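1. Requesting a structural model of the entry that follows:
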Amino acid sequence: MAAPFVYVPEPDPSAYAPAYAYPAAYPNPYFNSPLGATTPVLPPASLLPSPNAFNPNSVLWPEDVATQYESAYTQQWVPLAPRQRTTSWSAPAPKQTSPFLAPTVPAFLQAQPFKPGHKKANSWTTIPAWVNNVNISPYFPSTAPPASQLIHPFLNGDAPSPAFHFDLAPSAFVPMRLVSTHPPSGAPLSALELREGAFHPPLTALRIIHPRLPHWPIDLALPAGVPGPAPPISLAAVLVSIHRALHTRITGADWATLSPHDVARVTAAFSLRCRNEAMRNPVPGMSLGEREVQVRNQGVLRVDWLKGKTVFKGLVRHEGYVELLTA
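-> This is a model prediction of the structure:
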């Protein structure tokens, strides 16, 4: 008995082609291949719409789409629809509504403008110039509270200014702006700079203590009996008071409090200071040795207690006083 007839279709050559032979082997609905899709799971997909189709967010009307690329010299040219006026740059800037956008400078540090023709008066209540020049980051948080006390950049011991140099060892009072550091040289501070306020808001009383001179605090205060309000403490008042206090001669009782190790170090600092002072200020008709002896006759000063670390490095605030830093 013959077997039943079974229909076997002829093989399709494309079915035996490797997967990488035709791009249609990769299921990409945006590829128009004559071979069509190779799997019945993927339905036929249409191409993307034309990029020239009307966009409701565009400035063109639907009837202008067909003529937007025509030349103005053809008869079919139609002028484009008028565009909406853009925002004027001269208008005030919109207010920042996002809580994550901070102003460049906090409001409490912004200087208040003066009226036309108004000249800033020289008074103790004006804001010092260095307050407005504080380097503020553009990422300064908008919710940061105002600083309780600002200190002059030349007096800031938390971040000593690299442009300021003041050696307390010489007898001459010469705070300067640095020009070069090896050796330190520069221009002395002007009288206008020295009159700047040392703190903002201003202070009228201050106590300065050096860790190595705890028994000799430096107090800045208006003497009792002086009429009128106390003036604010200026940069010159701080620097002059420190220099004058450190160039005070010690007594025999002070010397007796030193240990043998401290006596040797203070003596070395005293000898070095006298030698440098004689070389720095020569006197006509006197030799270097005679000038050094003249300086030694003035005795040991409190600045020698610093044991050679006499360069001013600023003030650091503490409860009830500020600490004097030297190096």
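
2. Give me the buried positions along the top helix by length along the chain.
-> Identified as the longest helix of the chain according to DSSP state H is helix 260-280. By 16 or more other CB atoms under 10 Å, the buried positions in helix 260-280 come out as 265-266, 269-270, 273-275, 277-278. Every residue, glycine included, has its C-beta placed from N, CA and C.

3. can you give me the helices in the stretch 201-327 of the chain?
-> 235-246, 252-256, 260-280, 288-296 (DSSP state H, counting those that start in this stretch).

4. Tell me which of the ones you listed lies nearest to Val303.
-> Comparison of the helices of the stretch 201-327 of the chain against Val303 by CB to CB identifies helix 235-246 as nearest, at 4.1 Å.

5. mean confidence for that closest one?
-> Averaged across helix 235-246, the pLDDT comes to 97.

6. Could you tell me which residues within it count as buried?
-> Neighbour-count burial for helix 235-246 [16+ other CB under 10 Å]: 235-239, 241-243, 245-246.

7. what sits up against it?
-> By CB atoms under 8 Å, 6 or more residues apart in numbering, the list of residues contacting helix 235-246 from outside reads 152, 154-155, 166, 168, 173, 175, 189, 193-198, 206, 208, 216, 218, 220, 301-303, 306, 312, 315, 324.

8. So how do I select the buried members of those residues in PyMOL?
-> Buried residues within those, by 16+ other CB under 10 Å, are selected in PyMOL with:
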select buried, resi 152+154+155+166+168+175+189+193+194+196+197+198+206+208+216+218+220+301+302+303+306+312+315+324
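
9. can you map out the strands along this protein?
-> Ranges of strands within the chain are 150-151, 164-165, 176-181, 184-188, 199-200, 206-210, 213-220, 312-318, 321-326, based on DSSP state E.

10. Now render those as CSV, adding distance to Glu292 and mean pLDDT.
-> Below are the strands of the chain laid out as CSV (distance: least, CB to CB, whole Å; pLDDT from 0 to 100):
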stretch, distance to Glu292, mean pLDDT
strand 150-151, 38, 94
strand 164-165, 25, 95
strand 176-181, 25, 88
strand 184-188, 22, 88
strand 199-200, 40, 94
strand 206-210, 27, 97
strand 213-220, 25, 95
strand 312-318, 25, 96
strand 321-326, 24, 96
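
11. Tell me which of those strands lies nearest to Pro282.
-> strand 184-188 (18.3 Å).

12. in its sheet, what does the closest one sit against?
-> strand 176-181 (antiparallel) (DSSP bridges).

13. Any stretches of the protein with poor pLDDT?
-> 1-3, 5-147 (pLDDT under 70).

14. domains of it?
-> Split into domains by automatic domain parsing, the chain comes to 12-69, 152-223+230-327.

15. Tell me which of those domains is the most buried.
-> By mean neighbour count, with neighbours taken as mean count of other CB atoms under 10 Å, domain 152-223+230-327 ranks first of the domains of the chain at a mean of 15.

16. And the helices of the stretch 201-327 of the chain: which comes nearest Arg212?
-> Nearest to Arg212, of all those, is helix 260-280, at 9.8 Å by CB to CB.

17. what's the angle from the closest one to helix 288-296?
-> 130 degrees (axes from the mean of the first three to the mean of the last three CA atoms, to 10 degrees).

18. Can you list the helices and strands that helix 260-280 packs against?
-> When contacts are defined as 3 or more CB pairs under 8 Å, 6 or more residues apart in numbering; DSSP states H and E, helix 260-280 packs onto helix 288-296.

19. What lies in contact with the helix it packs on?
-> Residues outside helix 288-296 that contact it (CB under 8 Å, 6+ apart) are 270, 273-275, 277-279, 281-283, 286.

20. With distance to Ser259 as new columns, can those be given to me in a markdown table?
-> Formatted as a markdown table, the contacts of helix 288-296 follow (distance: CB to CB, whole Å):
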| residue | distance to Ser259 |
| --- | --- |
| Phe270 | 16 |
| Arg273 | 21 |
| Cys274 | 22 |
| Arg275 | 24 |
| Glu277 | 26 |
| Ala278 | 29 |
| Met279 | 30 |
| Asn281 | 33 |
| Pro282 | 36 |
| Val283 | 36 |
| Met286 | 36 |
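
21. so Gln213 bridges to which residues?
-> Small correction: residue 213 is Leu, not Gln. Applying DSSP bridges to Leu213 yields these beta-bridge partners: His210.

22. ugh, wrong one, I meant Gly197
-> Bridge pairing for Gly197 - DSSP bridges - gives Ser234.

23. Isn't it up against Pro231?
-> No - if you go by CB atoms under 8 Å, Gly197 and Pro231 don't touch, sitting 9.9 Å apart.
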